[in-house]
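Asks: Any chance you could fold what I've pasted below:
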Amino acid sequence: MKKFWAYFSVALMSVSYSHYASAVSQTCLSIQAFIQAQPTAGCTGTCLAARQDQIAFYQANHPECFGSTSSTAAASQEINSTSISQMLAISHAVTARNTASRPENVADAGQRFGVAAGSPASQWNVWGSVSGDKNKYDRGGFVDAGGLAHNNTANTNVTNAVIGGDYQVTPNMAVGVSAAFDSGSGNTQSFTSGVSNGVSATSTSGYTIAPYLGLQINKEWSVDAMIGTGSVKLNTSDVTGKANRLFYGTNLSYASWMGNWQLTGKGSYLHGEEKYNDLTAATTGALMAGTASTNKLSQLRVGGQAGYWMNENVMPYFGLSYASDLSRSTSATAVAQMGTDIGKTAWVYSLGVNFFSLRNSMTGGIAYNQEVGRTYAKNNNLMGNINVRF
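Replies: Here you go, the predicted model:
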């Protein structure tokens, strides 16, 4: 009898899941059918505008059918976890060369905490960083023009591996190049009047290449800049797509010592963008005209960190940063954006430990970062790194 109920439960769950998955698929298939249908010969002007408005309505209320392409929230989180993450990793690898002289230039300069330095006399610097981001999004409910209540949610995990190397061409200048490889997975879901419209699984994979430059202004201050390009592939239960990436940024860093305490700070301007072509329906392979989109994010970050030099091998630290999205532009319409708003500002708390093997010019670190205060989203990050000078 117990086996019967066990098999019965499994069968019931299987039937429920297949019905649920079918409902999800049918929702997006219906939307795809509308988008793929060619307008009649007489459909111009107001007719075409109404068609585009209907697509925008679907993008706002059924983002699970479009991946991250028309979602302000998903696109911003993707750029944060990839392009901006790489820029901060580059900045701290460069800053690690130039932190103040007490003792052996350890610790980084805030925000992407955990990057540590090596011997200041070494000309070559090779480094790597791996981070795991967990992004959560809950729109919190909104009402469309027809008075219906909607909500959109998403959960995305992104792993980003960054490697780089630079050479000190003069006592005050270093040049280098960095490469990053990222992989993401998660799901999106929409609701109408409290009832789920369906869940769509999502995955991404991408890469970027970025040259960079670091300049030492004086003992405490340094500046760096970088520009990068790459691409990302998107796959969901319903669509596939590909985007070109572009990012650039600059950082001003400060570092000084007060006894065994190291105080560091950083101000950053960071810009990232992803330009998607029209999506392709996963089931039919048909092009979905009118779904191309470009998402851009410009962000200002200001933060500081305090680390305590305990001995020649360990320095724990605590950091706090403020992030403000100066601008977020997208080719998605205002209606589509309304359904995936994310909020403009956030605080980032960080706790970590740097480890040193100064005799071998090798350092590393591990850190936990928590973003809070963004209106509709949360992010936490665990990262580790290694740095070798020779």
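Asks: All the helices of the stretch 201-350 of the chain, residue numbers only.
Replies: 334-338 (DSSP state H, counting those that start in this stretch).
Asks: how about the strands in it?
Replies: Secondary structure of the stretch 201-350 of the chain (DSSP state E, counting those that start in this stretch): strands located at 221-236, 239-258, 261-276, 279-281, 287-288, 293-308, 314-330, 345-357.
Asks: what packs against the shortest one?
Replies: To tie it back to what came earlier, the one meant is strand 287-288. If you count contacts as 3 or more C-beta pairs under 8 Å, 6 or more residues apart in numbering; DSSP states H and E, strand 287-288 packs onto helix 2-36, strand 279-281. C-beta coordinates here come from the backbone N, C-alpha and C atoms, glycine included.
Asks: The first one too?
Replies: In this structure, strand 221-236 makes packing contacts with helix 85-98, strand 173-192, strand 195-216, strand 239-258, judged by 3+ C-beta pairs under 8 Å, 6+ apart.
Asks: and Ser205, how far is that from Ala75?
Replies: Going from Ser205 to Ala75 by C-beta to C-beta, to the nearest Å gives 16 Å.
Asks: Could you check which of those two is surrounded by more residues?
Replies: Taking other C-beta atoms under 10 Å, Ser205 and Ala75 do not tie; Ala75 has more neighbours (28 against 14).
Asks: Quick check: which of the helices and strands packed on strand 221-236 is nearest to Thr340?
Replies: With C-beta to C-beta as the criterion, Thr340 lies closest to strand 173-192 of the helices and strands packed on strand 221-236, at 9.6 Å.
Asks: ok, now how distant is Tyr212 from Thr95?
Replies: 11 Å.
Asks: Who is the residue nearest to Ser350 when sequence neighbours are not counted paired with across the strands?
Replies: Excluding its sequence neighbours, the residue lying closest to Ser350 (C-beta to C-beta, 6 or more residues apart in numbering) is Gly319, at 3.8 Å. Note on Gly319: beta-bridge partners by DSSP bridges are Gln305, Ser350.
Asks: What about Gly319, how many residues nearby?
Replies: 26.
Asks: before we move on, what about Leu148?
Replies: 11.
Asks: Would you mind confirming that it is in contact with Ser193?
Replies: Yes: if you go by C-beta atoms under 8 Å, Leu148 and Ser193 touch, sitting 6.2 Å apart.
Asks: Mutual contacts of the two, please.
Replies: Shared contacts of Leu148 and Ser193 (C-beta atoms under 8 Å, 6 or more residues apart in numbering): none.
Asks: what about the spatially most central residue of the chain, distance to Glu274?
Replies: In the chain, the centroid-proximal residue (C-alpha atoms, centre = their mean) is Ser81; its distance is 2.0 Å. Taking C-beta to C-beta as the measure, Ser81 falls 12 Å from Glu274.
Asks: quick one: Ile35 from Asn80, how far?
Replies: 29 Å.
Asks: quick one, which of the two is more surrounded?
Replies: For Ile35 versus Asn80, the count of surrounding residues by other C-beta under 10 Å is larger for Asn80: 25 against 22.
Asks: what residues are up against that one?
Replies: Counted by C-beta under 8 Å, 6+ apart, Asn80 has contacts 133, 297, 299, 379.
Asks: Kindly indicate whether it is helix, strand or coil.
Replies: Using DSSP: H, G, I helix; E, B strand; the rest coil, the structure places Asn80 in helix.
Asks: pLDDT wise, what is it at?
Replies: Listed pLDDT for Asn80 reads 91.
Asks: Check which residues of stretch 356-365 are buried.
Replies: Within stretch 356-365, the residues scored as buried using 16 or more other C-beta atoms under 10 Å are 356, 358, 361-365.
Asks: Any idea how far it is from the middle of the chain?
Replies: The chain centroid and the centroid of stretch 356-365 are separated by 29 Å under C-alpha atoms, centre = their mean, to the nearest Å.
Asks: and the nearest residue to Gly303 once chain neighbours are set aside, how many residues sit next to it?
Replies: Counting by C-beta to C-beta, 6+ apart, Gly303 lies nearest to Ser321, which is 2.8 Å off, once chain neighbours are set aside. The number of residues packed near Ser321 is 24, by other C-beta under 10 Å.
Asks: got it, and Met315?
Replies: 24.
Asks: repeat for Leu263
Replies: 18.
Asks: One more: the one 5 residues further on?
Replies: Taking other C-beta under 10 Å as the neighbour definition, Ser268 ends up with a count of 24.
Asks: So what sits opposite it in the bridge?
Replies: Going by DSSP bridges, Ser268 forms beta bridges with Asn251, Arg301.
Asks: ok, so what distance separates it from Thr156?
Replies: 23 Å.
Asks: For the strands of the stretch 201-350 of the chain, give me JSON lines that also has distance to Val126.
Replies: Below are the strands of the stretch 201-350 of the chain laid out as JSON lines (distance: least, C-beta to C-beta, whole Å):
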{"stretch": "strand 221-236", "distance to Val126": "17"}
{"stretch": "strand 239-258", "distance to Val126": "20"}
{"stretch": "strand 261-276", "distance to Val126": "22"}
{"stretch": "strand 279-281", "distance to Val126": "39"}
{"stretch": "strand 287-288", "distance to Val126": "43"}
{"stretch": "strand 293-308", "distance to Val126": "23"}
{"stretch": "strand 314-330", "distance to Val126": "21"}
{"stretch": "strand 345-357", "distance to Val126": "15"}
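Asks: any idea which of the ones you listed scores lowest on pLDDT?
Replies: strand 287-288 (a mean of 83).
Asks: Pull up the pairing partners for that one, direction included.
Replies: strand 279-281 (antiparallel).
Asks: Contacts only, for Asn235.
Replies: For Asn235, counting by C-beta under 8 Å, 6+ apart, the contacting residues are 67, 202-204, 282.
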